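# I would like the atomic coordinates for the input below:
(chains A and B)
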Number of protein chains: 2
Amino acid sequence: MTKTLSSPVPPGGTIGILGGGQLGRMLALAAARLGLKTQVFCDNPASPAFHVCDGHTLGKFEDLHAVSMFARACDVVTFEFENVPAATAEHLAEVVPVLPGAKALALTQDRLEEKTFVRSLGLQTSPFMAVATPEEAADAFATLGTTGVIKTRRLGYDGKGQAKVTSAANAAAAIRVFHHAPSILEGFVDFAFEASVIAARGADGSFAAYDSPENAHEHHILRRSIVPGRLTAAQNESAKEIARKIGDALGYVGVFAVELFVMKDSSLLVNEIAPRVHNSGHWTLEACAVSQFEQHIRAVGGWPLGDPARHADAVMENIIGEEAANWAEYARRPGALHLYGKAEIRPGRKMGHFTQLSPLTRT
Amino acid sequence: MTKTLSSPVPPGGTIGILGGGQLGRMLALAAARLGLKTQVFCDNPASPAFHVCDGHTLGKFEDLHAVSMFARACDVVTFEFENVPAATAEHLAEVVPVLPGAKALALTQDRLEEKTFVRSLGLQTSPFMAVATPEEAADAFATLGTTGVIKTRRLGYDGKGQAKVTSAANAAAAIRVFHHAPSILEGFVDFAFEASVIAARGADGSFAAYDSPENAHEHHILRRSIVPGRLTAAQNESAKEIARKIGDALGYVGVFAVELFVMKDSSLLVNEIAPRVHNSGHWTLEACAVSQFEQHIRAVGGWPLGDPARHADAVMENIIGEEAANWAEYARRPGALHLYGKAEIRPGRKMGHFTQLSPLTRT
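Sure thing, here's the model as predicted:
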């Protein structure tokens, strides 16, 4: 019943993208490089991706009729965000191939299932426990024996649906604030720094991973990605192997990111899986022949994966909220400026990014 | 009467592009990176640029009413090809700033005026003479004393409107084939290889030039650009100085290319000026933080010019005619594939290009 792609989408074919934000926009621009058309579906009339695609549909993601009509114009459909409603993904998949598939979506929409899956692959994560009541939260806090963070199992991003907890009492309070939403308590780990790996898997099992950037966050939002960062060559390879295990276990098709904690003993912990292109991979636009966006289009379009080799060093910084008012200042700096075409500046909103490049120092 | 740009076109503003081919398409994609919208005007309903812009107008370039309506939706208008009718450029310039201006267009639309201008700057060209009758052509051939090529003064590109001449008799015959169109006879020069320089000039007189690629042509069509090619560091600098002289003398705003002959005595001759982004600059899409396309958008939009520094070596090859049928083969090669979204493969038609990248060896 679920449609699969029997042959590559040829130049001139159409990729459908659910979600019209900056990731959808950069996916559409990447598809254009390959001579592919794009259709974008989004519920926001001011979607940045609407300006660069061949056609778009303004509709609710829950509107299965609108979604079906959209799908009929596409050879394959993909998405820029992981919170696509499961019913929508299933409905779509009856009309047109949807990649990555429902399995990856379902898994990464639930923090508990995701972490349990990661552990089942023999990979390390932070300590965590499922909690849904104030009592469970207080008990879990006592059991973990460390400060941590309570996160709702579903629909969290950029620090939303999260609360730091430093006592059994505020663990219990957090669950009340979340209206008893099923959550997890995750113990803090004393990492040296954060990193990620952006990888792609093709339908034929082919695999390609970019070098791992070191990432810095501020207020739960990515501030900066640096490649090469402080990861050793061995850690860089380990990160790619972690991604390969995850991609293979999911039978994944497309680009995905694995957020990592690099521990002081040099081991790598898996923090989170994102079943989509990722902010910490934006530097691939300039530092690699094939960016993460094009790589995703290639994977879901049934094309051969591109070469993830890096030909330059890069530092990517997000342009957040009011910083975008300084666009003329960014435009004067040596490097690559990207502005997402968002109509309105809002606090904490990702408005663009800036990548500074320098000749390759090490691979 | 001619409109000028009083302040930079801000993110969210609209750049108008006359011409919807691959150059217009890549200009539109570059504008999108900066958060700018694009409107494209073209007479071809299958224009590749129509698929990636915010809106488009299908119309004749001679239709001044259609052109005016289009211009009203734009903050500034530029073009992807030099043969914009002079009346259109003038009419447009009364409605909206048009960059680069009518002067550069007029000059580069006429080979005789262009070469005369280049010489007036103290720069070298091939030997040439104006010819318009069979008698003049035969005389000119005798005077130059070498084989050469007769080119119509206007509307030539990719070898069209050109004839090689090896005797006074076929010089005379060529002029008859061209229906006595005003032409020039250009003597062949014994160059070592061909090169070009892609440069940009801002309205404030700022200037930025990319490293000069070595170019190889086949059947009058660019086959390959290599950077760094065989130019020495001194020749690379000379090429940039040539471009600066030309840009300053024209009061040019935007990106332009100067095609060069690199002589065996290591001097540089100016072959041709193109008042637009240029095929031999496509490698800047990957090897520089700011591509020639973005550089042009920056210049005509009144933004600061971007850094033309190269962070990688590159070899760019065109994908011509039937070669595009092998897209899956190109997709497997390590490097950057660009397909232009042209609906139909035709012999000699530029369908895409492929850029192979490697770490920077020298600047």
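
# Looking at the stretch 201-350 of chain A, which residue is nearest chain B?
Residue nearest to chain B within the stretch 201-350 of chain A (CB to the nearest CB): A:Leu339, separated by 3.0 Å. Where C-beta positions appear, they are placed from N, C-alpha and C, glycine not excepted.

# burial measure for that residue, as a count.
A:Leu339 has 24 neighbours, counted by other CB atoms under 10 Å in any protein chain shown.

# got a list of what it touches?
By CB atoms under 8 Å, 6 or more residues apart in numbering or on different chains, A:Leu339 lies in contact with A:Ile319, A:Ala324, A:Trp327, A:Met351, A:Gly352, B:Pro11, B:Arg33, B:Leu34, B:Gly35.

# The fourth one reaches A:Ala343, doesn't it?
No. A:Met351 sits out of contact with A:Ala343 when judged by CB atoms under 8 Å, with a separation of 10.6 Å.

# out of the two, which sits in the more crowded spot?
Between A:Met351 and A:Ala343, A:Met351 has the larger neighbour count (other CB under 10 Å), namely 24 against 11.

# which bits of the stretch 251-363 of chain A sit near chain B?
With CB under 8 Å from any CB of the partner chain as the criterion, the stretch 251-363 of chain A meets chain B at residues A:286, A:289-290, A:298, A:303-304, A:306-307, A:309, A:311-312, A:324, A:327-328, A:331-332, A:334-343, A:352, A:355-360.

# just the buried members of those?
A:286, A:289-290, A:298, A:303-304, A:306-307, A:309, A:311-312, A:324, A:327, A:331, A:335-342, A:352, A:355-358, A:360 (16 or more other CB atoms under 10 Å in any protein chain shown).

# As a check, name the ranges of all strands in the stretch 251-363 of chain A.
Listed in chain order, the strands of the stretch 251-363 of chain A (DSSP state E, counting those that start in this stretch) span A:254-263, A:268-274, A:312-320, A:336-339, A:350-359.

# now those as a markdown table including mean pLDDT and distance to A:Val98?
Shown next, in a markdown table, are the strands of the stretch 251-363 of chain A (pLDDT from 0 to 100; distance: least, CB to CB, whole Å):
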| stretch | mean pLDDT | distance to A:Val98 |
| --- | --- | --- |
| strand A:254-263 | 98 | 10 |
| strand A:268-274 | 97 | 17 |
| strand A:312-320 | 97 | 29 |
| strand A:336-339 | 98 | 28 |
| strand A:350-359 | 96 | 26 |
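
# want to try TSV for these, with distance to B:Asn215 as columns?
Formatted as TSV, the strands of the stretch 251-363 of chain A follow (distance: least, CB to CB, whole Å):
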stretch	distance to B:Asn215
strand A:254-263	35
strand A:268-274	43
strand A:312-320	24
strand A:336-339	25
strand A:350-359	24
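
# between the ones you listed, which gets nearest to A:Gly161?
For those, proximity to A:Gly161 was assessed by CB to CB; strand A:268-274 is nearest, at 13.0 Å.

# what mean pLDDT does stretch A:56-66 have?
In this model, stretch A:56-66 has a mean pLDDT of 96.

# what about that stretch, start to end distance?
Across its full length, stretch A:56-66 reaches 11 Å between end residues, using CA to CA, to the nearest Å.

# Got the domain ranges for chain A?
If you go by automatic domain parsing, the domain ranges for chain A are A:14-98, A:127-187, A:191-359.

# between those domains, which gets the lowest average pLDDT?
domain A:127-187 (a mean of 88).

# gap between the two ends of that domain?
With CA to CA as the measure, domain A:127-187 spans 5 Å from end to end.

# Ok, stretch A:303-319 next?
Stretch A:303-319 has an end-to-end distance of 32 Å (criterion: CA to CA).

# how far is it from where the chain is centred?
How far stretch A:303-319 lies from its chain's middle: 15 Å, per CA atoms, centre = their mean, to the nearest Å.

# what's the answer for stretch A:34-42, then?
Stretch A:34-42 has its C-alpha centroid displaced from the chain centroid by 19 Å (CA atoms, centre = their mean).

# for stretch A:193-206, same thing?
Centre-to-centre, stretch A:193-206 and its host chain are 11 Å apart (CA atoms, centre = their mean).

# Ok, stretch A:187-195 next?
Put simply, stretch A:187-195 sits 19 Å off its chain's centre (CA atoms, centre = their mean).

# ok, and what's touching it?
A:126-128, A:144-149, A:212-217, A:229-231, A:235, A:239, A:259-264, A:268-269, A:271.

# What's the local residue count around the residue lying closest to A:His278 once chain neighbours are set aside?
Leaving aside its sequence neighbours, A:His278 sits nearest to A:Ala257 (CB to CB, 6 or more residues apart in numbering or on different chains; 3.4 Å). By other CB under 10 Å, the residues close to A:Ala257 number 22.
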